[in-house]
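**Q** Compute the structure for the input listed below.
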Amino acid sequence: MIVTRPAAERGHFDHGWLDTSHTFSFASYHDPANMGFRSLRVINEDRVAGGRGFGAHSHNDMEIVTYVLEGALEHADSMGNRSVIVPGEVQRMSAGTGVTHSEANPKPDQPVHFLQIWILPNRRGLAPGYEQKAIPPQEERGTLRLIASRDGRDGGVTIHQDVDLYVSRLEPGERVKHALAAGRHAWLQMVTGRVECNGTALGAGDGAAVSREQALEISALEPAHFLLFDLA
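**A** Just a heads-up that it's a prediction; the model follows:
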């Protein structure tokens, strides 16, 4: 069974310095029918104007994954981490017992476009933690490239939850297949382009919840970039 979440139906807010779309309920956007999927709680697609950003704010008991699509995002946190995330990198911050952080666009003349993903951890009260890994875009082409998992295998970041997160970039006519073990679920989040997933068409910004399927076959109808979550 595949249930789509069309891009146009996401919560959308344009604050001038921030253009944001919420796949699931977030902050002042509340949609009882879309509170998350399995342990996946937030997928926000954000565009932040040059020189602007989110001031210091706190989180706890959440795994936060940031994947930059264009531009650069500067990060600073109460653990002492300072970094700039650019395309070709993935960041994971475990908020655990509590972290304060800020995020800003350090480039005054270029917006930053990124996805921020929140995943519920497998237990509360974890020690806060941070990782940032390079995932070269060429490794995402024509395949499903694992970028995050509970054991951090294949050079991805470690998530404290039973989730495998893949990224793929396909050219028209290319396809990838992914088997789902018994009792597993999936979420497909489109970034750009168009695909068919088990016969269901999806375009830029669309999402799809997948349950009771043995496998996914994803075919590109035009150049496509997407994320695939394999979830307990």
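**Q** okay, now the domains of this structure?
**A** 10-135, 138-231 (automatic domain parsing).
**Q** M1 is nearest to which of these?
**A** domain 138-231 (5.2 Å; Cβ to Cβ). Where you see a C-beta, it was placed from the backbone N, CA and C, and this is true even at glycine.
**Q** Show me the helices in the protein, by range?
**A** With DSSP state H, there are no helices along the chain.
**Q** on that earlier part again, got the domains of the chain as CSV, with mean neighbour count and distance to V3 columns?
**A** Converted to CSV, the domains of the chain look like this (neighbours: other Cβ atoms under 10 Å; distance: least, Cβ to Cβ, whole Å):
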stretch, mean neighbour count, distance to V3
domain 10-135, 17, 9
domain 138-231, 18, 5
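**Q** possible to save those as a markdown table with mean pLDDT?
**A** Below are these laid out as a markdown table (pLDDT from 0 to 100):
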| stretch | mean pLDDT |
| --- | --- |
| domain 10-135 | 97 |
| domain 138-231 | 98 |
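**Q** who wins for proximity to T4 among the ones you listed?
**A** Closest to T4 of the domains of the chain, according to Cβ to Cβ: domain 138-231, at 5.0 Å.
**Q** Leaving out chain neighbours, which residue sits closest to the spatially most central residue of the chain?
**A** By Cα atoms, centre = their mean, the chain has its centre lying nearest to I117, at 4.3 Å. Of all residues not flanking I117 in the chain, V65 sits nearest, at 4.3 Å (Cβ to Cβ, 6 or more residues apart in numbering).
**Q** and what of V86?
**A** Nearest residue to V86, sequence neighbours excluded (Cβ to Cβ, 6+ apart): A72, at 5.0 Å.
**Q** cool, and P32?
**A** Once flanking residues are discounted, P32 sits nearest to S25: 7.7 Å by Cβ to Cβ, 6+ apart.
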